[in-house]
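S.K.: Sequence plus the predicted model coming up.
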Amino acid sequence: MTSVEVVRTYPHPIELVWRAITTRELLAEWLMENDFEPRVGHGFTFRTEPGPGFDGVVRCVVLALEPPAQSGAASMRLSWKGGPIDTTVVFDLRSEPGGTRFTMTQSGFRGLKAWLVSRILKAGCKKLYGKRLPAVLARLAAAEAGSESIKP
């Protein structure tokens, strides 16, 4: 069985990163259009451009949610089904000095077609987690800093 894993450290507090991965509009900015709700058991879809053997719809269910706690940890687990894959995605967040350690693991790729999809997803992870999510986080941080500077 194949898995895809991304580990990054973002220079933002865990609450900000959590917001970016659990807010429908923010997910749409960096990942895909969706009808996500941060509620265990919620079935939702991500939508993107169709491709060969893929209708552009990823069907998901929120399997677990653990918001940021005093322990400095948070996680979200989703089922993720689209095209030839039926996988699980886990977002794991850990507070670190100066930021948040972010780990995304997608596992359960079975069979040759799913293995090929995992290769395509690995290539796309650089853009998603190296550019798009950091851009959303930077924008959120700047907006928070701007609103704090004008508070009495």
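M.R.: Looks like it came in fine. Numbers count the residues shown, from 1 in each chain.
S.K.: all helices of the chain, in order?
M.R.: 14-22, 24-30, 112-127, 133-149 (DSSP state H).
S.K.: Export the ones you listed as a markdown table, with columns for mean pLDDT and distance to D55.
M.R.: (C-beta placed from N, C-alpha, C; glycine too.) What follows is these, written out as a markdown table (pLDDT from 0 to 100; distance: least, Cβ to Cβ, whole Å):
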| stretch | mean pLDDT | distance to D55 |
| --- | --- | --- |
| helix 14-22 | 98 | 24 |
| helix 24-30 | 98 | 19 |
| helix 112-127 | 91 | 13 |
| helix 133-149 | 87 | 25 |
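S.K.: which one of those is the most hemmed in?
M.R.: helix 14-22 (a mean of 20; mean count of other Cβ atoms under 10 Å).
S.K.: of all the helices of the chain, which lies closest to G56?
M.R.: When those are compared by Cβ to Cβ, helix 112-127 sits nearest G56, at 13.5 Å.
S.K.: Hey, what's the angle from the closest one to helix 133-149? Just curious.
M.R.: 40 degrees (axes from the mean of the first three to the mean of the last three Cα atoms, to 10 degrees).
S.K.: one step back: could you provide the helices of the chain in JSON lines, with additional columns for distance to S75?
M.R.: Rendered in JSON lines, the data for the helices of the chain read as follows (distance: least, Cβ to Cβ, whole Å):
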{"stretch": "helix 14-22", "distance to S75": "10"}
{"stretch": "helix 24-30", "distance to S75": "16"}
{"stretch": "helix 112-127", "distance to S75": "18"}
{"stretch": "helix 133-149", "distance to S75": "16"}
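S.K.: Select, out of those helices, the one closest to S71.
M.R.: Nearest to S71, of the helices of the chain and by Cβ to Cβ, is helix 14-22 at 10.2 Å.
S.K.: Can you check what angle separates the closest one from helix 133-149?
M.R.: Using the same axes, to 10 degrees: helix 14-22 against helix 133-149 is 130 degrees.
S.K.: Residues in contact with helix 14-22: which ones?
M.R.: 10, 26-27, 30, 36, 38, 65, 67-68, 72-74, 76, 91, 93-95, 100, 102, 133, 136-137, 140-141, 144 (Cβ atoms under 8 Å, 6 or more residues apart in numbering).
S.K.: Next, the buried residues of stretch 80-93.
M.R.: 80-85, 87-93 (16 or more other Cβ atoms under 10 Å).
S.K.: I appreciate the help and will end here.
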